[in-house]
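Participant: 3D model of this:
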Amino acid sequence: MKPAPFFVCLLVIAGEFALGSAQPGAPESDALASSTQLIVVTAPDWNSVEGRLQRFERANIQETWHPLGDPIPIVVGKNGLGWGIGVTATEGRVADEPVKREGDGKSPAGVFALGTAFGYASQPLPGTKLPYLALTPSIECVDDVDSKYYNRVLDRSSVAPDWNSSEHMRNTGESYRWGIVVDHNGTVVGAVSRPPVPGGGSCVFLHIWQSSHHGTTGCTAMEQANVETLLTWLDPARKPLLVQLPHSAYARLIHRWSLPELAAAPPR
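Facilitator: A predicted model of the protein is given here:
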């Protein structure tokens, strides 16, 4: 599978994938009803950094979810979780729960489509079905809220930069050796996608962690082998989604959103 030219790969293919997975404005429960692959990330509470990720799948949308493999350890934002902007804005939030903002060190909670896979290699990991973006030194994710490119992953050499702040994705050590774009706050461009909300949070990915106790600036991170498992498992045709919530919100929404039952976490 050869990586497509950057703008075709990220803005067209990934955009069509995200739009097929979850139409903006549709309730999370409707989006979940059309998916047959689900990544569930849970944390003990809104301030927790450490949590667990469990994969679920089903043969078709009439079946119930069943777990695939064992839960794995992950870390979220260094300041925990806050409601993000996914397939809807913050449907499911109650008044006292935090909302994600730019630079707050929180990972987004909610239900999210997934976009392009990315990495340092010129070719995707064998078995990857997601569209793939090879990170070059000129690829950046813009986190400047005043830029018209806010929350976009793009090639600096192909546009007229108007931003003062961005993440140079090739300069992150091992973190982005492999990763996946999370469609939080309109990251993925499509025909009916929402534009990003300035200040709503940007540049959210699934990627490789620094350690099991080191929180991110807003992403969800895990061991490299587990990122690779996701890359070779996820299939755009199955409309995969990421559900990311603390235990309290998950328990409150499990029936409303028809979420799968989780195995009990081991004693801490």
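
Participant: count of neighbours near the residue lying closest to residue 253 once chain neighbours are set aside?
Facilitator: Closest residue to residue 253 apart from its sequence neighbours, by Cβ to Cβ, 6 or more residues apart in numbering: residue 92 at 5.2 Å. Every C-beta, even on glycine, is put in place using the N, C-alpha and C of the backbone. The tally of other residues near residue 92 (other Cβ atoms under 10 Å) stands at 21.

Participant: so where does residue 92 fall, helix or strand?
Facilitator: For residue 92, there is no helix or strand it lies in under DSSP states H and E.

Participant: which stretches of the stretch 151-268 of the chain have low pLDDT?
Facilitator: 191-193, 265-268 (pLDDT under 70).

Participant: sorry, back to before: so the residue nearest to residue 253 versus residue 201, what's the distance?
Facilitator: 17 Å (Cβ to Cβ, to the nearest Å).

Participant: also residue 59?
Facilitator: According to Cβ to Cβ, residue 59 stands 35 Å off from residue 201.

Participant: circling back: how far away is the residue nearest to residue 253 from residue 117?
Facilitator: Distance, residue 92 to residue 117, by Cβ to Cβ: 28 Å.

Participant: for residue 201, which residues are in contact?
Facilitator: 84-85, 100-102, 104, 106, 108, 151, 184-185, 218 (Cβ atoms under 8 Å, 6 or more residues apart in numbering).

Participant: how about a cut-off of 7 Å?
Facilitator: Taking Cβ atoms under 7 Å, 6 or more residues apart in numbering, we find residue 201 in contact with 84, 100-102, 108, 184-185, 218.

Participant: once you drop chain neighbours, what's closest to it?
Facilitator: Nearest residue to residue 201, sequence neighbours excluded (Cβ to Cβ, 6+ apart): residue 100, at 4.5 Å.

Participant: ditto for residue 179
Facilitator: residue 207 (3.8 Å).

Participant: what strands flank the helix or strand that contains the one you found, and is each parallel or antiparallel?
Facilitator: Using DSSP H and E, residue 207 maps to strand 205-208. If you go by DSSP bridges, strand 205-208 pairs up with strand 178-182 (antiparallel), strand 220-222 (parallel).

Participant: what are the buried residues along it?
Facilitator: 205-208 (16 or more other Cβ atoms under 10 Å).

Participant: list every C-alpha atom in that strand, with coordinates, as PDB.
Facilitator: Taking Å, rounded to 0.1, in the frame of the first residue of the first chain, the C-alpha atoms of strand 205-208 are listed here in PDB:
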ATOM      1  CA  PHE A 205      -3.700  11.300  18.200                       C
ATOM      2  CA  LEU A 206      -3.300   7.700  19.300                       C
ATOM      3  CA  HIS A 207       0.500   7.200  19.600                       C
ATOM      4  CA  ILE A 208       3.400   5.600  21.400                       C
END
